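here is my input, please return the structure:
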Amino acid sequence: MHHSGTHIVFGLYLLLMLVIGELCARYRVKSLDDYLVAGRRHGVLITSGSIAATVVGAGSTIGAVGGWDVFALGNTVIAWIIMSTTWHFAMQSTAQRILSSRTQKTAKYGCLMASGMLLPLAMLVGLTGMAARVLYPGLLPASGISQGEALPALIKGIMPPLIGGIILGALVAVIMSTCDSILLGASTMFVKDIYQRLLRGTAANHALIRISKWVTLVIGTVAIVSALIAPALIRILEITAAVYCVALFVPIVLGIYWEKANQSGAIAGMATSSFGGVLWRAWGWEQATGIHMLNVSLPLAFVTMVIVCLMGTKE
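Purely as a prediction, here's the structure:
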């Protein structure tokens, strides 16, 4: 009965989300900007809340809470700081939230408010994982699928059905806040950079909205199937960070703040960061040395880009 009450509250929340989504799709989405960036109408409160929720994501709630063992993480802490920083600096999901802001000033203050919201949340995530390890010592260490077991164990074990259902609904909302931004970002890039630019430059607005929805559906379906097939999602996130986020982070930062940065250096830094991090793990050097792949990818990208840019400058 305990779990049934939780599931009922959780189901009602999911139903409410579907109803709100359908109503917004029917009566609020009139243009491509409405669909992709909420018509650029968000104020400071919505902007800050949505950015904070996007940054928290599933890894910080369901996944990461199972992995907080302060005596055993070692250099993984540094790697996860690198992943989190570069991820939200380079990822489309965060940019999508910022682009939904009403003005540049709104986006600036929204980011500042979001950072204030995230500080206590970061502590709570760690405390949640530690509490689960103490209350349920039989939980496996955070590895693969087991790193998602800490928070569900707490919800099932110590919370009443109503609160448990609300928390499950909140977790889904947090996960969706990241997933929908990523899906919309992928849809934006396909429609703007491929469909409009290469295929149909003069397509009507309603056609673009329809294409965006289909792209979102296809990519979302592929993501769900991939998640079911490959349960070690945290490992996939780390590889994604090495190949995509770290590789983009260094060229963006140096491109903005260093006058000698150039295209050749950026491409070289991205390539060495991606291949270097993946090969470091694939060849077993990560396990042999205890140095996380992301702790290799970031300096490798930086050093490579600086060297190539300086060589190009001398020429």
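
buried set for stretch 304-315?
Buried residues in stretch 304-315, counting neighbours by 16 or more other Cβ atoms under 10 Å, are found at 304, 305, 306, 308, 309. C-beta here means a position set from N, CA and C on the backbone, and glycine is covered the same way.

domain map for the chain?
2-229, 232-315 (automatic domain parsing).

what helices and strands are in contact with the host helix or strand of residue 273?
Assigned by DSSP states H and E, residue 273 belongs to helix 263-282. In terms of contacts (3 or more Cβ pairs under 8 Å, 6 or more residues apart in numbering; DSSP states H and E), helix 263-282 is packed against helix 233-240, helix 246-257, helix 293-314.

let's see that with 7 Å instead.
In terms of contacts (3 or more Cβ pairs under 7 Å, 6 or more residues apart in numbering; DSSP states H and E), helix 263-282 is packed against helix 246-257, helix 293-314.

how far does that helix sit from the chain's center?
In terms of Cα atoms, centre = their mean, to the nearest Å, the gap separating the centre of helix 263-282 from the centre of its chain is 21 Å.

now whatever helix or strand comes next after it - C-alpha only, PDB.
Counting by DSSP H and E, the next helix or strand C-terminal to helix 263-282 is helix 285-289. Only the C-alpha atoms of helix 285-289 are listed here, as PDB (Å, rounded to 0.1, in the frame of the first residue of the first chain):
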ATOM      1  CA  TRP A 285      45.800   3.800 -18.500                       C
ATOM      2  CA  GLU A 286      43.100   5.300 -16.400                       C
ATOM      3  CA  GLN A 287      42.800   2.200 -14.200                       C
ATOM      4  CA  ALA A 288      46.600   1.700 -14.200                       C
ATOM      5  CA  THR A 289      47.500   5.200 -13.100                       C
END
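
ok, and what's touching helix 285-289?
With contacts defined as Cβ atoms under 7 Å, 6 or more residues apart in numbering, helix 285-289 is touched by 280, 292, 293.

now the residues you listed in JSON lines, with pLDDT?
Putting these into JSON lines (pLDDT from 0 to 100) gives the following:
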{"residue": "280", "pLDDT": "87"}
{"residue": "292", "pLDDT": "78"}
{"residue": "293", "pLDDT": "81"}
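
and these, which are buried?
Buried by 16+ other Cβ under 10 Å: 280, 292, 293, out of the contacts of helix 285-289.

between these, which sits nearest residue 85?
Comparing these against residue 85 with Cβ to Cβ places residue 292 closest, at 14.2 Å.

lowest-pLDDT helix or strand in this protein?
Least confident helix or strand of the chain, by mean pLDDT, DSSP states H and E, is helix 233-240 with a mean of 68.
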